[in-house]
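Asks: Have a look; sequence and predicted model below, questions after that.
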Amino acid sequence: MRVSEAAAAFTAHLAQVRRLSPATVRAYRSDLADLATAAGDPELADVDLETLRDWLWRATQRGDARSTLARRTAAVRSFFGWATESGHVAADPSLRLIAPRRGRTLPAVASADAMRVLLDEARDAALDGDPIRLRDSAILELLYGSGMRVSELCGLAVDDLDLDRATARVLGKGGKERVVPFGLPARDAIAAYLRRARPVLVARGERPGPGLFLGARGGALGPRAVYGLVAHVLAPVIGAETVGPHALRHSAATHLLDGGADLRAVQEILGHASLGTTQIYTHVSAERLTATYRLAHPRA
């Protein structure tokens, strides 16, 4: 069995058995395809530690980020662990493969005041009743108000909402379902979208689905469109050239902790499997506190 054939079987296993998110499966598929190309798609049993080291070295020469190299290391380790357990190879060549140490980068976060201005402007722009502006206002409010992932937002159906309780049922990573709360401004924006905008968008489509958020032609709204929306309104606020919906998730988590929310409660809201993933936001809050101190205290 060649590497490309084994990679296809492995990624199918990730999607169908381990039920990893489509984004994770795509990333692993891309990493393993790169390995197959770089090594000349050899027989799986012919791949050794030096093959893997050479593959990572080429990636460093290309200038791949350390986070990318770390993910690729994790991908081949998981791949060959599966191949060994499945009997496709007798020994795992990735056991001694060392991942480059990842530098910790704190997420980009907008201030609470900046978010208030941004969301108010989106709400005011939608007062003319334009269905796209009503939709965009609801999207921004819901992403920030709930901290959900863009994939979770795009996967929402109308029936997943409970406007009376201001909650949404989302399907997170690994097919795990959870209920997330959102605030009253998000509830009002969603209600306005459902009442005044979504019926207009439904009428534009030939086969509108049950998805909550629809595109301009009535079809399902995809993550790329949401990225474009968020980048347009949020990049000037954060001062970054590339910013996406995850920045709203980062901002929501940081502002929850700044407001005194319990770390485990924030973990549940975000759908993190590990508390350690959530703890990065405590570092963000600490850095913001330190910056404020240095600006304000006469003996700083």
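Replies: In hand now; what should we look at?
Asks: So what touches whichever strand or helix holds Phe80?
Replies: Element membership for Phe80, per DSSP states H and E: helix 66-85. Identification of contacts with helix 66-85 by Cβ atoms under 8 Å, 6 or more residues apart in numbering yields 6-7, 10, 13, 27-28, 31-32, 34-35, 44, 47, 52, 55-56, 59-60, 64, 89-94, 97-103. Where C-beta positions appear, they are placed from N, C-alpha and C, glycine not excepted.
Asks: In the stretch 51-200 of the chain, where is pLDDT below threshold?
Replies: Within the stretch 51-200 of the chain, the ranges that satisfy pLDDT under 70 run 99-107.
Asks: show me where it has strands.
Replies: Using DSSP state E, counting those that start in this stretch, the strands assigned to the stretch 51-200 of the chain run over residues 161-162, 167-171, 177-181.
Asks: Can you give me every residue that contacts Asp159?
Replies: Contacts of Asp159 by Cβ under 8 Å, 6+ apart are Pro210.
Asks: swap that for Ile132, please
Replies: Listed by Cβ under 8 Å, 6+ apart, the contact partners of Ile132 are 197, 216.
Asks: same question, Arg96
Replies: Residues counted as contacts of Arg96 (Cβ under 8 Å, 6+ apart) are Leu49.
Asks: tell me the domain ranges of this protein?
Replies: Split into domains by automatic domain parsing, the chain comes to 3-85, 112-295.
Asks: Ends of the first one, what's the gap?
Replies: Length of domain 3-85, first residue to last, Cα to Cα, to the nearest Å: 16 Å.
Asks: now swap in the longest one and tell me
Replies: Between the opening and closing residues of domain 112-295 we find a distance of 18 Å, counting by Cα to Cα.
Asks: Hmm, Ala45 is touching Ala91, no?
Replies: No: checked against Cβ atoms under 8 Å, the pair Ala45 and Ala91 is beyond contact range at 9.2 Å.
Asks: Comparing the two, which residue is more hemmed in?
Replies: Ala45 (14 against 9; other Cβ atoms under 10 Å).
Asks: Just tell me which of the strands of the stretch 51-200 of the chain ends up closest to Gln267.
Replies: Taking Cβ to Cβ as the measure, those were each checked against Gln267, and strand 177-181 came out nearest at 10.7 Å.
Asks: Mind giving me the packing neighbours of the closest one?
Replies: Under the contact definition 3 or more Cβ pairs under 8 Å, 6 or more residues apart in numbering; DSSP states H and E, strand 177-181 sits against strand 167-171, helix 263-270.
Asks: Would you mark the buried spots in the helix holding Phe80?
Replies: Burial within helix 66-85, assessed by neighbour count using 16 or more other Cβ atoms under 10 Å, is assigned to 68-69, 71-80, 82-84.
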